[in-house]
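Enquirer: mind folding the following:
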Amino acid sequence: MQEFPPAENAGRQESPPGIPAQLRAAREAKGLTWYAVAKLAGIPNSSTVRDIEYGRDAQLSNVQAVASVLGLRLELAEEFA
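Expert: Numbers count the residues shown, from 1 in each chain. A predicted model of the protein is given here:
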């Protein structure tokens, strides 16, 4: 039996930690949809933004464009063990 009305986060897939989660948090904080971010980033398909947030394979240029629209910057950092 399903809850009615559906819970607010019902069916929502979580973003993996790191870049996907940071991008999703920034998008949600700005109140933007996947479609709005894609349009602002010049990405023709809003499912690309969704795929990035779900941690699926994506072109680095698309990830960078989404980050830029959200006021974020991608940066390489040396890992210290």
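Enquirer: how close does the most centrally placed residue in the chain get to A77?
Expert: For the chain, the residue nearest the mean C-alpha position is E53 (3.3 Å; C-alpha atoms, centre = their mean). According to C-beta to C-beta, to the nearest Å, E53 and A77 sit 21 Å apart. Bear in mind the C-beta positions are built from the backbone N, C-alpha and C, glycine included.
Enquirer: likewise for Q59?
Expert: When distance is defined by C-beta to C-beta, Q59 is 21 Å away from A77.
Enquirer: just the element for A38, please.
Expert: A38 is located in helix 34-41, with elements delineated by DSSP states H and E.
Enquirer: which residues sit against that helix?
Expert: Identification of contacts with helix 34-41 by C-beta atoms under 8 Å, 6 or more residues apart in numbering yields 27, 32, 43-50, 53, 62, 65-66, 68-70.
Enquirer: mind redoing it with 10 Å?
Expert: 23-24, 26-27, 30, 32-33, 43-53, 61-70 (C-beta atoms under 10 Å, 6 or more residues apart in numbering).
Enquirer: show me which of those are buried.
Expert: Buried by 16 or more other C-beta atoms under 10 Å: 23-24, 26-27, 32, 43, 46, 48-53, 62-63, 65-67, 69-70, out of those.
Enquirer: neighbour count for Q59 and A77, which is higher?
Expert: Legend: neighbour count by other C-beta atoms under 10 Å for Q59 and A77, higher for Q59 (11 against 5).
Enquirer: show me the contacts for that one.
Expert: Q59 makes contacts with I43, T48, I52, A65, as judged by C-beta under 10 Å, 6+ apart.
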